[in-house]
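In: Any chance you can model this:
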Amino acid sequence: MEKIRIAIIGIGNCASSLIQGIYYYEDKKAEDAVGLMHWDIGGYLPSDLEVVAAFDIDQRKVGKDVNEAIFAKPNCTTVFCPEITLSGVKVDMGCVLDGVAPHMAEFADKQTFMVSKEAEKSKEEIINILKERKVEILVNYLPVGSEKATRFYAECALEAGVAFINSMPVFIVSDPGWAAKFEEKGIPLVGDDIKAQIGATITHRTLANLFRDRGVKLDRTYQLNTGGNTDFLNMLNRSRLDSKKESKTEAVQAVLGERLDAENIHIGPSDYVPWQKDNKICFLRMEGKTFGNVPMNIELRLSVEDSPNSAGCVIDAVRCCKLALERGIGGQLTSISAYTMKHPPQQFTDDLAREMVEEFLAGEREK
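Out: Coordinates of the predicted model:
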């Protein structure tokens, strides 16, 4: 079968893990499908993705082959597939807008932030690249808080007729206005804000669902996260966190038997610890009452490599999106969004969302 032609916005740690994964699984078999929903989705294997365009604004990545750029600083995720041949696809300069937090300039001397001096691409230029390279799906990996930049690239995808997977917390797919625009043109959408394979959000949701199913009354909970990659450095600017906190908080609230008051639930990135690099540590606490109104609590510490933890979910989302393109389905893809994203158009429990994806893969219509 032909490859699925994708473009990536933001060649950071997440893009590095995704691209490494495409090559890592080239010589693997179905029994090696770690971190994937299925080895084969619609006839497409994990290695059947091809990056044909890439956009970034860091001078250490712009102009380089994308397979070289994924290992450039400040990327710091685990290298699990080091032997990757050059692809022949250069990283194009993107459009900055609000894709960079102002405080990041303070870290230029520490090689965590270096904006390229190359001229920014216009909307028309980016649309032309997407069309000329016959991109089918555009994957958004912009930093948290990139509201204007995400809308800019969503417009590019819409005008180029390219499907859009929004892996970060700016609400495009879950916005009825944006969804209607893509549906009118018959273009699929998946989003918003990628959910990791086993991360803080999916773990918190699973425990919350357990409390509900076992009749425990949840009184209060928190989820505190620290990390040392540029994502956590970017999120030191608290003004950029509104959508991220909303996305993570709503993902948990959605599976509670009874929603908690705002003062009783605290979820969000907490601090930047440079030596943690791409390792994210989550501290989670849940307090409730069991039979007889007797108090109980649970505390959990989760340590995961942040970027590989989400790469398999994106590969699954890309393959489902490709099926939607083949079937002529436009607009929100409810099932795969609910299964792989924190802030989908409609929230479902994770087991139900998986059932819905299986129905979609079997050929049933999106609900």
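
In: residue farthest from the centroid of the protein?
Out: Within the chain, residue 292 marks the point farthest from the mean C-alpha position, 41.8 Å out by CA atoms, centre = their mean.

In: Make sure I have this right: that one is in a helix.
Out: Yes: assessed by DSSP: H, G, I helix; E, B strand; the rest coil, residue 292 belongs to a helix.

In: residues touching it, list them.
Out: Residue 292 makes no contacts at all, as judged by CB atoms under 8 Å, 6 or more residues apart in numbering. For the C-beta atoms, the positions are set from N, CA and C on the backbone; glycine is no exception.

In: same thing with residue 323?
Out: Contacts of residue 323 (CB under 8 Å, 6+ apart): 41, 42, 360, 361.

In: so how far is residue 193 from it?
Out: 22 Å (CB to CB, to the nearest Å).

In: in the protein, which spans are strands?
Out: Secondary structure of the chain (DSSP state E): strands at 4-9, 49-56, 91-93, 137-140, 163-166, 188-191, 217-227, 265-272, 279-290, 294-305, 331-332.

In: From the rest of the structure, what touches the second one?
Out: Meaning strand 49-56. Applying CB under 8 Å, 6+ apart, the contact partners of strand 49-56 are 3-11, 15, 19, 22, 62, 66, 69, 87, 89-94, 116, 121, 126, 129-130, 133-135, 153, 315, 318-319.

In: at 6 Å instead, please
Out: Strand 49-56 is contacted from outside by 3-9, 11, 22, 62, 66, 91-92, 94, 129, 133, 135, 318, using CB atoms under 6 Å, 6 or more residues apart in numbering.

In: on that earlier part again, tell me which of the contacts of residue 323 fall in helices.
Out: Using DSSP state H, the subset of those located in helices is 360, 361.

In: got a winner among the contacts of residue 323 for most neighbours?
Out: The most crowded member of the contacts of residue 323 is residue 360, carrying 23 neighbours; neighbours defined as other CB atoms under 10 Å.

In: dump the residue contacts of it.
Out: With the criterion set at CB under 6 Å, 6+ apart, residue 360 makes contact with residue 335.

In: Who's the closest spatial neighbour of residue 120, skipping the chain neighbours?
Out: Nearest non-adjacent residue to residue 120, counting by CB to CB, 6 or more residues apart in numbering: residue 95, 4.9 Å away.

In: meant to ask about residue 100, not that
Out: residue 115 (6.6 Å).

In: And the contacts of residue 323, which is closest to residue 332?
Out: Closest to residue 332 out of those is residue 360 (12.3 Å), distances taken as CB to CB.

In: residues contacting residue 236?
Out: Counting by CB under 6 Å, 6+ apart, residue 236 touches residue 272.

In: Quick check: it vs residue 144, distance?
Out: According to CB to CB, residue 236 stands 11 Å off from residue 144.

In: that older thread, and the strands of the chain, which one is worst for confidence?
Out: Across the strands of the chain, strand 265-272 has the smallest mean pLDDT, namely a mean of 93.

In: Could you export that one as CSV, CA atoms only?
Out: What follows is strand 265-272, C-alpha atoms only, in CSV (Å, rounded to 0.1, in the frame of the first residue of the first chain):
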residue,chain,number,x,y,z
ILE,A,265,-9.6,19.6,42.1
HIS,A,266,-6.2,20.8,41.0
ILE,A,267,-4.6,19.4,37.9
GLY,A,268,-1.7,20.9,35.8
PRO,A,269,2.0,21.3,35.1
SER,A,270,3.7,22.4,38.3
ASP,A,271,7.4,23.1,37.7
TYR,A,272,10.4,22.8,35.4
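
In: Next, the angle strand 217-227 makes with that strand.
Out: Counting by axes from the mean of the first three to the mean of the last three CA atoms, to 10 degrees, strand 265-272 lies at 10 degrees to strand 217-227.

In: Appreciated, that's everything.
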